[in-house]
Structure formats: structure tokens, C-alpha cells
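1. prediction below, plus the sequence it came from.
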Amino acid sequence: MSNIQGTLYIRRRNQLLRENAKKGKVDPSCRRQYLSLRRQLLSKRYGPPESSLSRAEDMHHFYFISRSRSASTYSKLSSFEASFDSLHIDSPEGGLSPGKPTHRRYHSGGSFKFLPPPDLPESPPRGVVPTRKAEASRRMAGNTSLGENYAFAGMYHIFDQHVECVTAVRFAHDDKYLLACSSTDGTLSVCTLVPSPPSVSCTLRGHTAAVMDFDWSITNDFILSASLDCTARVWDPASGQCVRVVNDSHSFGMTACRFQPLNNNMLLGGSAKVSAGVKSLAFDSSGVLVWVGDEKGSIYSFCFNVASGRLHKAKRMSIAEGSPVTSISYRSWMNREARDPVLLVNVAVNLLCLYGVVDNMGTLKLKKSFSVEHKIRHVRSSFCPLMSFRQGACVVSASEDMAVYFFDVDRAEKPCVNKLLGHSAPVLDVCWNYDESLLASCDTEVALNYANLTFFLLIKQSSCIAAIDGISVNMTTIWEEFVSSTTVHGFRRIFESPSRVFRAMWLVLLLAALTGYTFFVLESIEKYLSNPVTVSFTEVVPEPGELKFPAVTICNLNRYVKSKIEMLESDEEFDELRLNLSVCEVVKSVTENLTCGQALLCVFERFGSIIVDNCNDTVKQQIIDAFNATNQPVFDAEEFMEAYGHDFNDMFLNYCRFGKRESPCSVTDFHPFLTANGRCFTFNSGEEDSRIRISKRAGSFGGLSVMLDVQAQENTVSEFSRGLRVIVHEQGTFVDIEDGFNVIPGSHTLVRIFAKKPVTR
């Protein structure tokens, strides 16, 4: 075939893709020229088909011949065959056939083919598969092979609102019909896919240069974007308004951004202000580890301190020297038998890599690598959301060869299970919605001043019957799927047993079981109703002045005071504050770079190495060896917490009132004691023969009012937040920190309490 015919074939294919995205129904007659050119291409490459076969038979014959050729020919033919589709469309006059899907695709790559698929048995799966205990979960995913699960029905919609290429596309969290995309024209678009037709709900304008990356907040209330105009912006996707602008202090372009998973009030951005500019970012699910890919082929892991918002460098791993790492995606587990956390990484050396996370410092170990066309562009990839419930595990990646690739990470040979052709320019990004019903992809094509943003509709065998112009539900298919997948053993036998005798027998057994079950349920209800339970309540109203006010415990969420931890022994206040513990002499003999408080925090606190500078494993071991070498017990955790914790005198702001204004309270009314989370102070504790106060009136003027300083600047080790924990309890009872509530800095909190005491007889 000449080059002119080949070019005509490609143009006709792209034209049909665009036309069918706008049509309500597909007309098979309009594709005759396209099918003719396609047959000529196949005949030129693999030889002419037998003349006795029809069009549908040609395709079946072509498929079977490919399996009987030599290994080299089979490899070529399989790779070429993987780039084409088979889409069966019922005739308009025939209607939909009950129980049969109208769209099926096997080993597909493009978005449209109109020949029936080969009727071949599915080969057994290879690699790691779920155990028999995972049968119910596999039924949730359709109980089908990977090839069937990732078979596409066709193009769903094409958006063309941007005047330059689209750089990234993301579905909102847990929302299958809300999507956003960014572009080099400096704008972002928020798109809604229902009601039909899909539309652009709002355009986010404000950046003056290309938008390179963006991220949804966990509740989809905000969008964070990074642009080459040296700013990161926070948007309200509902109104399209810019909520916050963060300027890069060094005036370098922003290239990547992410919300902190545990606290969306924290933002992480990457720029090109260092010698190797940041290209990609990814948090783990806990928000403690973050990986950064740069343009020189390295991945850095950092430990993120949620309390202080500081990053601490952990590891540097060289992936491909001199080649940018353009995409990093994190997944906590792949499937039921491969639960180790993994990273999916795109590197601009034609590689898609799967790394395992081997420790809590973010160290990576290569598990698998796949070949994709990737040399120049900012190509991204993503995990398939439902992979953990299937036989195998899949990832999807964009590519510069205008295709979208699906790889089975558990398959040793020929891991590519599908290849989508339809783009006419390098594909930059791909993204699933959460239930894998839609896949979005974007490319760099700018035709007639519009860039293509393409969406595909994924149809699974466990789904209802779907058509390109909409989705129609066939109740017969739903019933058959329910019968074949139900875990009610007898119910399935009634419909699937080959003999009528066995069907009748199973029906009788099932009815007998249901009758017995109903009998026992009714008998249990009758017994329950025959023994009535009477509950009586007696309300005791105390006389005026007799209502005992409860104890109120206040704990600072920060365990240790930063200024005490960092105070040198030469400081005048060191001895006055009783910081010179017996262990300080031992610490001083080992290291001079750390204060006594820093050394103890480094050794005896879980996150001490992150909080304290110059704290590493070598220093820890030296201090521990020094402690072990002494003959006397030198470290007392309570003594350390008592000395370096908060003092109520420093927190008290000279305002405390109980009841009427003529009944003030002071520091002496707050009794200190130690908990696992640090020092706490209890008002009205009744300890040490102190009098228990009585409340004489209701309302805010009849209780405790106190003003305290949180000392936020003294924060070191806290429970992922700053402020106070308040617990209301009876005198003499155990204080459970988890029963309280938090009071954040700068807030006024009013709590209403009721006195209730159940009496059991």
C-alpha cells in the first residue's frame, strides 16, 4: 500500500472518532471506506485472507493464523493486532439482544472497530492471583480477566475548550462525574459529565503562564495549581474564585504541587530554583513520607513533620542519570497477595517503573519496568483503582507514540494487556474515576486552536448493557449476572443444574430452609415480646447550692517546651528551671553538639531524630552506650517530662473566674499531674484536701472561665495539632485523654455540661 493510502487511513480513522463522539447513534455504513483501507493494510502486512470467508470470518481466520505461525511472526502479529478494536453493534431493526452485551472488545487498542470478536477460550491467568477467599471481591470487579475488564466501548466525549495543550487531568475524589484539567494557556477547567451532554462548569483564570500541575483536596472543596508564573493558587471549583495566592520567594516557576493528605491546610510545591528542578511529587497515604522526582533522574524521599510542617531529607535514589522523573504515583498495596507499598514512576528514558517501598525512610527497590515511548514530554501514569480485587494488577500510562498502555504488573511475558489508539499527538496524562467506568486522557495536539482532551467509557461484563449514545439497563442480564455470582448456593443450583429433577430437588431444599428460617425468626420474636422489659427513671433535682461542679483537666498538646529543650547548660535559667537532671552529666561526656534536652529527646522520643537537628543513629547509639556504662539508674521519664514540660504559671494569663465575679480562682487551684502525653492540670480536683466547689447557677456565669496561653512557639512533640485538650470528669476518677475535646489557639470555646449519674438496681 502506498504512503498516500496509509495517510488517508489514519485521517479517516481520526475523522470517525471525532464524528462518533458527537453523534447519537453509530451508522456502520459510513465506515465502509475505512474498513476497506484497513483490510488492505492487514493484507499487505500479513498476506491476503482466504476468499471464501466473509468480513467477520476474515477477522476470525486472521486471529487463528496468528497463533499457528512461528514465534517471531506471532510476536509481531500480536503487537500489531493489539492496536485494533472489535466492536459489535446490533442492527437498528433488530434491537438489543437480551442477555448479550452490545459492545465487546478483545485485545483492543483503538477506540472503534466494527467486526465481531474472535470466540476463543481465555487462557489461564499468570502471576500472583487472589486466593479462593477473594471470590466475593472478584465478583465485585466482574469476575473476568484483565483483558475483558479493560475493554472499551468507545469515545464518550471530547472537550476542546483550551487553546493550548492540556498538561494534566484529574477526576475528583469519590466523584465519578467531576473532572478538572490544566493547560499551558494558563487556565484550568472544571468539567461535569452529567447530565448529558458533558459541559465545562467553570474556568479558573488567574495564572499568567502555563499551569504544570494541580491537585484536588480530599473533600473536593479546593483545587491547588502550580504555574510557571512563579505562583501556586488555591481555587474554589464551585465558584471559580481564587481563594489564595502563594508566591515563590525565589521567583522560580512552580512545576508540581500536592495537598498534605492528613491536613489539607498544608500545601507542598516544587519549583526549579535548585540545580535539579522538581518534576513530580507524591505523598504516601499517611502523609508522613513524600517522594520528589527531579529533572536529573533522581528521587528524594523526605519525612514530613505534620506538627511543624517541616521536611527532613531521608534518602536519595538515582533512577536514570540525566533523565527527568516526570510522574510519581503511590499505592499502599497492589492486591491481596502483594500488600507492600509501591511507587509507579515515569522516567524519560522510555521506561515505566514499579518500585517497592522497603522501609519507613522511603527507600525504593525496583520490582518491574515496562517500555513506553517517553523521551521529551511530561508523561504521567496512574494505578487502576480496582486492581486489588482482580486476578492480577494493572497500571495505565500515557505515551509519546500517541497511545495509552495497560500493563499487568504480575505478568512475566507480554505484560501489555491493552493499547488504546485514537490520539493524533503524544499523550501526556491519563486518569481513572474511582469505579473505573471512565478513563480520561489528554494530548498535545493543537488543531484549529483547540487541544484535545479525550474521554473513554469503559464497559465491563458485570455492568449493564451500554451504548455509545447512553446507557440502557437490561433486567434479564442483571438477573443472569445475579444468579451466576450469588453466594446463596442452593439458589444458584436451581437455575444452573442441567437436570429438571435436580432443579426441583434444590428448589424444595431451598424452600424448606427458608421455611425453617422464618419459623425460628418468628419464634424468637414471640419469645422477646413475651418478656417485657420495664425501665423506670427517677429524676433527682438537687437543692440550690448542692450541685457539685466536676473536675476539669487541661493538657497542652505539646509535651515539651522548645526553649527548655534548646537551653544550654551555661544559661543562667538552666538551674533555676531545674533542667540540670542527673543524666545531663552523662550526655555532656558524649556529645557537645546537643543540649541535655535535645539529647534526651533524640534518644527517648519516637520522632526525636526528625525533631532534633544533628540527631542520627550514631549519636543515639553513643548516648545509649554511655547510659549502659554507668552503674546507677540515670534516666527517669517522669523526671524528664516534669522538668521539660509546660508550667501552668507560664500558660496562665491572669484571668480565672468561677461562678460569680466575687469568686476568683488562681494558679494554685490547678493541681498538676503527669500523663503519657505530658503534664496536665486539674481544676477542682479535690486533691490534697482542697475544697470541692459548688455551682449555684446555670449558664456561663455559673461555671469556670479561664484564659490560657497555648505557647504555640514552644511546640516540639504534639498529637498532630496545636492547642489544649480539655477533659471534664468526676473527682477521683481516671482521666482518659481520649475522652476530651481540643481547643485550638486563638479561639474562644464555650462548653455546656449536664450532671447525669445512672443508678443500677
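-> Done, it's in.
2. for the closest residue to residue 573 other than its chain neighbours, pull up the helix or strand it's in.
-> Of all residues not flanking residue 573 in the chain, residue 567 sits nearest, at 6.9 Å (Cβ to Cβ, 6 or more residues apart in numbering). Placement of C-beta: from N, CA and C, glycine included. Assigned by DSSP states H and E, residue 567 belongs to no helix or strand.
3. residue 579 is in contact with residue 567, correct?
-> Yes. Applying Cβ atoms under 8 Å, one finds residue 567 in contact with residue 579, separated by 6.3 Å.
4. need the residues touching each of the two.
-> residue 597 (Cβ atoms under 8 Å, 6 or more residues apart in numbering).
5. okay, strands next: where are they in the stretch 501-650 of the chain?
-> Applying DSSP state E, counting those that start in this stretch to the stretch 501-650 of the chain gives strands spanning 547-548, 551-556.
6. what's the closest of those strands to residue 216?
-> strand 551-556 (34.5 Å; Cβ to Cβ).
7. what does the closest one contact?
-> 645-646, 651, 670, 675, 677-686, 704, 706, 708, 710-711, 724-731, 733, 735, 737, 740.
8. which intervals of the stretch 551-700 of the chain have sub-threshold pLDDT?
-> Across the stretch 551-700 of the chain, the ranges flagged by pLDDT under 70 are 632-633, 660-662, 700.
9. which stretches of it form helices?
-> 562-565, 573-576, 584-590, 596-604, 608-611, 617-629, 637-644, 648-651 (DSSP state H, counting those that start in this stretch).
10. repeat for the stretch 251-400 of the chain
-> With DSSP H, counting those that start in this stretch as the criterion, the stretch 251-400 of the chain has no helices.
11. how about the strands of it, start to end?
-> Using DSSP E, counting those that start in this stretch, strands in the stretch 251-400 of the chain cover 254-259, 267-271, 278-283, 289-294, 298-305, 310-318, 325-331, 342-347, 351-357, 364-371, 381-383, 394-397.
12. can I get these in TSV including distance to residue 562, mean neighbour count and mean pLDDT?
-> Below are the strands of the stretch 251-400 of the chain laid out as TSV (distance: least, Cβ to Cβ, whole Å; neighbours: other Cβ atoms under 10 Å; pLDDT from 0 to 100):
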stretch	distance to residue 562	mean neighbour count	mean pLDDT
strand 254-259	27	24	94
strand 267-271	24	21	91
strand 278-283	26	23	94
strand 289-294	24	24	94
strand 298-305	13	20	93
strand 310-318	13	14	91
strand 325-331	32	23	94
strand 342-347	34	24	95
strand 351-357	32	20	94
strand 364-371	34	16	93
strand 381-383	40	23	93
strand 394-397	44	24	92
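13. picking that back up, for residue 157, which of the helices of the stretch 551-700 of the chain is the nearest?
-> Comparison of the helices of the stretch 551-700 of the chain against residue 157 by Cβ to Cβ identifies helix 608-611 as nearest, at 46.8 Å.
14. what does that closest one contact?
-> The contact list for helix 608-611 (Cβ under 8 Å, 6+ apart) reads 303, 305, 308, 312, 601-602, 605, 615-617, 620, 716-717.
15. quick check: chain neighbours aside, which residue is closest to residue 375?
-> Excluding the flanking residues, the one nearest residue 375 by Cβ to Cβ, 6+ apart is residue 348, at 5.8 Å.
16. just the pLDDT for that neighbour.
-> Residue 348 carries a pLDDT value of 94.
17. give me the distance between it and residue 268.
-> According to Cβ to Cβ, to the nearest Å, residue 348 stands 23 Å off from residue 268.
18. and for residue 276?
-> Between residue 276 and residue 268 the computed distance is 17 Å (Cβ to Cβ).
19. circling back to that earlier point, turn the helices of the stretch 551-700 of the chain into CSV, columns for mean neighbour count and distance to residue 490.
-> As requested, the helices of the stretch 551-700 of the chain are exported to CSV (neighbours: other Cβ atoms under 10 Å; distance: least, Cβ to Cβ, whole Å):
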stretch, mean neighbour count, distance to residue 490
helix 562-565, 20, 68
helix 573-576, 12, 79
helix 584-590, 17, 72
helix 596-604, 24, 61
helix 608-611, 20, 58
helix 617-629, 14, 61
helix 637-644, 16, 62
helix 648-651, 14, 68
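20. right, I'll call it a day here.
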